[in-house]
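J.: Sequence plus predicted model, see below.
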Amino acid sequence: MDVVIVADAAEVAERAADQIAAVILRRPDAVLGVATGSSPIGTYNALAERVRSGVLDFSRAGAFALDEYAGIDLRHPESYHEVIRRTVTEPLGLDPARVHVPDGSAADLTAAGEEYERLILAAGGVELQLLGIGANGHIGFNEPTSSFGSRTRQKTLAPQTRADNARFFDSADEVPVHCITQGLGTILDARELLLVAQGESKAEAVAAMIEGPLASVCPASALQLHRNATVVIDRAAASKLR
Ligand code: F6R
């Protein structure tokens, strides 16, 4: 695992954008794995800036989101369908037909998970997967004790994740209880992993991911198994590394 420690969130965004830009310049039709949440927003903004200045073109690229809330109205502003449209598809100029988000509105989430896996395979797999990390060490919505071999499936959100994500909703009760998420096995299949984290609230999880044992209590420790994983963090997120 390559660990890159930079000064602040702005540098995290530029460094991560450089790595994604390198993939798109090498392969304009690359399939990217995209995350929601606040961590990658600076990276998306940095990429959008490069699109506006004509340096990058995502019009032939594809994207697969990591996860979606279960049972949420897909038009809800905080559904990941909407978040990905607002923060990735439109600002980067991706073709919406090539952007996929797991179907959290499906009556049969097991079948929806299997279908998502098929779609990823049919697209040739993910070239680079961008990730954030939860304060409890989750990636995607693979909460602690998720299997390292797991595939896209339904999960129950940990109480801490629901509390952390309450900031996006009008009230804590509104945060869905269940979700559909790519599994750790799905994520590990991407040819390149790029995890970004900023701020002290992530420092403990970051230390467990990098220096802790490979253990399902810290799902992000799965990155230790990947041959091409990069972690880009600011000094605050790195503050609990030994
Ligand atoms: C989002 C996702 C989550 C977030 C994590 C961190 O698609 O899968 O793993 O990356 O919860 O969220 P933020 O960035 O909001 O702190």
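T.: Sure, I can see it. In this text, all values refer to a predicted model and were calculated from it rather than measured experimentally.

J.: need the contact list for the residue nearest to Ser105 when sequence neighbours are not counted.
T.: Sequence neighbours aside, Leu74 is the residue nearest to Ser105 in space, at 5.5 Å (criterion: Cβ to Cβ, 6 or more residues apart in numbering). For the C-beta atoms, the positions are set from N, CA and C on the backbone; glycine is no exception. With Cβ atoms under 8 Å, 6 or more residues apart in numbering as the criterion, the residues that contact Leu74 are His81, Glu82, Gly104, Ser105.

J.: how far away is the spatially closest residue to Met1 that is not a sequence neighbour from the ligand?
T.: Nearest non-adjacent residue to Met1, counting by Cβ to Cβ, 6+ apart: Ala229, 4.8 Å away. Separation of Ala229 from the ligand (Cβ to the nearest ligand atom, to the nearest Å): 15 Å.

J.: Surely Asp103 touches Glu114?
T.: No. In this structure Asp103 lies outside contact range of Glu114 using Cβ atoms under 8 Å: 11.3 Å.

J.: Comparing the two, which shows the higher neighbour count?
T.: Between Asp103 and Glu114, Asp103 has the larger neighbour count (other Cβ atoms under 10 Å), namely 19 against 14.

J.: List the contacts of that one.
T.: Glu68, Ala112, Glu115, Tyr116, Ile180.

J.: if we go to 7 Å?
T.: By Cβ atoms under 7 Å, 6 or more residues apart in numbering, the contact set of Asp103 is Ala112.

J.: mind checking how far stretch 28-48 is from the chain centre?
T.: 9 Å (Cα atoms, centre = their mean, to the nearest Å).

J.: quick one: that stretch near the ligand?
T.: Yes. Shown here: stretch 28-48 in contact with the ligand (Cβ under 6 Å from any ligand atom) through Ala35, Thr36, Gly37, Ser38, Ser39.

J.: How about the fourth one, nearest residue that isn't a chain neighbour?
T.: The one in question is Ser38. Gly132 (7.6 Å).

J.: ok, now how distant is that neighbour from Glu14?
T.: Using Cβ to Cβ, to the nearest Å, Gly132 is found at 17 Å from Glu14.

J.: Of those two, which one has the most company?
T.: Neighbour tally, Gly132 and Glu14, criterion other Cβ under 10 Å: the higher count belongs to Gly132, 22 against 15.

J.: thinking again about what came up before, out of the contacts of Leu74, which are inside helices?
T.: His81, Glu82 (DSSP state H).
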